Structure formats: structure tokens, C-alpha cells
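[1] got a sequence here, can you build the structure:
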Amino acid sequence: MYDVIIIGKGPAGLSAALYTVRAKLKTLIIGKNDSRLLKAEKIDNYFGFAQTIDGKWLLNEGEQQVKRLGAELLQDEVISIEKEDYFNVVTSSDSYQCKAILLATGQPHKVIRIENLVKYEGKGVSYCSTCDGFFYNNLKVGVLGNRDYALHEANELLTYTNDITIYTNGVDLDISSRYSEEIGRFRLETRKISRLDGADFLQRIHFTDGTSESIDGLFVAYESASGIDFARKLGILSDGDIVATDENQRTNLEGVFAAGDCASKFKQISVAVGQGAVAGKAITEYVRSLKD
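    Numbering: from 1, shown residues only. This is a model prediction of the structure:
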């Protein structure tokens, strides 16, 4: 059992960990090497460096710092967060329990070029199987994605229907061994999608080869789950694609905090580090209150 699990290895998550580990909270940081900072070759606007630095160097220094202080770092993909007596964080390879969660996943940069996808949001297109799966009882649905996150969402939908197709949209399926045996439960469609179609609600899905097929609902689980994806499934409030927090980076769900680009409209390293520090202090106070 961890005191806190931080999802995301960017500036916000690493900054928060500096405070939680120094407060002697058992801290696990889970993330993949996909921070936008890794592509930042020149950083001139971060306080304290007279010379230009690059993002990869800065992230590496941050990781070494939190490890030296006692944090555990795990390179893995988080695909689900479940709220029980405590929180259960499910990854591609295992699951971990904790008392508090920090969403520090950064801003999702998923680019899905499918005509009319946005048009049918809430009208057949959904981003949350937990929220909307019930409305598709015994209907024909699809899951858009090619990684573990898509398989997880498809499994969730089995509660409501067995007619489930996984649409990879022209890319290869890329799943871990955890889901390799479960792919057989679903129809797999690898052709590239050109557009969605229907009247008031989604009715058809069209492919670039000129063919099409009927569909009642499409659940988007593209690439990896982001902070806003987790927020939707947990019933956490949001402002567009920003996770809503108070001045202490607390969400409306007790025990869940958010910091960095997933919780801020001003996407700067300094802002992420500052929010991470605030969150680290608030998480420490929260976990200690549970012990008391």
C-alpha cells in the first residue's frame, strides 16, 4: 500500500514527489517517457539557469533527485483508476493500491483526424465506458484505439453488450501480454476510418477504401489514458479538457489531486512545478489526516 501514487513523470509529478517523500510518505511515480519536455531542445524561461538547458536533461535531473530522496519510479502505462476503500491503480502489467492520487499526466496530444468525430460527441461518440456504456445495452458498439487502454474499455463494455469491435484506425494493434489472450473476445477492424455519419445520432462508420458499416456507438480510447480520461470515469469535474481543482490542487473527489498541464491553462514548466509543490503539501496533509 502506497501513501500516494503520482501518475505522470513530468515537472508537476516530480515536484510533488519532492514534498511527499521528504514528508516520509511512501510514494510511487508511474509514467511513460512521453513528456513534451523530452522534445524541448532549448529552454530559456525557467528560473535559475543562466545558460540554455534542454528538457531531457531537466527531466533526468528531476528523476534522479526524487529517487535519491526515496521515491519509487515505474515506467508503465496506467489504464484505469478504481475507487474502492482505497484507490486501485491498474497498469499494463500490474495493479497498485494507495491512499491518495495525483493526476500529473500533462496535456493529451491526441490527434484523431476523423470527419464528424466531434459532431457526434454525446450523440453516439463517447469518451467514457463507465459513464455511457449503460445506454448501449445489447447494441453494436466500437472502441477506437489500438493499445491497452482500448482493450480495457472494451472489457468494461462487455457488461452491456457482446457486439464490440475494436477499430485501430489503420495502425497496428500494440497491446501488452496482459491483454493478448483477451483480444479474441472482440471483432478487430484495422482499416483506416475516413468519417462518421448519421442523422441526429451516429449510424455509420466509413473507411478510406470506400466501404462502410452500421454502428450504434463509438467509444474513444485512443493512445494512452490522460488526466481528463481518468477524471471522466471517476466523476471528477472538469473545465473543457482541464481537470478542475481548488487552490490546493484538490479535485471534487476526496483523495484525488491534479497538477501541471492537465490542470492548468497556462502550460509552463514553472507553473507545473509550482502546482506540484502545492499538491505535494496538500497530499501530505490529507494522508496524515487519515492516519490521525
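
[2] got the residue ranges for the strands in the stretch 101-250 of the chain?
    Per DSSP state E, counting those that start in this stretch, the stretch 101-250 of the chain has strands spanning 125-126, 141-144, 164-167, 187-189, 193-198, 202-207, 212-214, 217-220, 238-239, 242-243. These are given in chain order.

[3] now those strands as a markdown table including mean neighbour count, mean pLDDT and distance to residue 99?
    The C-beta positions use only the backbone N, C-alpha and C, and glycine is treated the same way. As requested, the strands of the stretch 101-250 of the chain are arranged in a markdown table below (neighbours: other CB atoms under 10 Å; pLDDT from 0 to 100; distance: least, CB to CB, whole Å):
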| stretch | mean neighbour count | mean pLDDT | distance to residue 99 |
| --- | --- | --- | --- |
| strand 125-126 | 23 | 92 | 30 |
| strand 141-144 | 25 | 96 | 31 |
| strand 164-167 | 22 | 96 | 34 |
| strand 187-189 | 13 | 95 | 39 |
| strand 193-198 | 19 | 96 | 41 |
| strand 202-207 | 18 | 96 | 40 |
| strand 212-214 | 13 | 96 | 46 |
| strand 217-220 | 24 | 95 | 30 |
| strand 238-239 | 14 | 89 | 23 |
| strand 242-243 | 22 | 92 | 19 |
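
[4] distance to residue 23 for those - can I get that in TSV?
    Output for those, formatted as TSV (distance: least, CB to CB, whole Å):
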stretch	distance to residue 23
strand 125-126	39
strand 141-144	40
strand 164-167	43
strand 187-189	47
strand 193-198	48
strand 202-207	49
strand 212-214	55
strand 217-220	38
strand 238-239	28
strand 242-243	23
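
[5] mind checking those for the one nearest to residue 78?
    strand 242-243 (14.7 Å; CB to CB).
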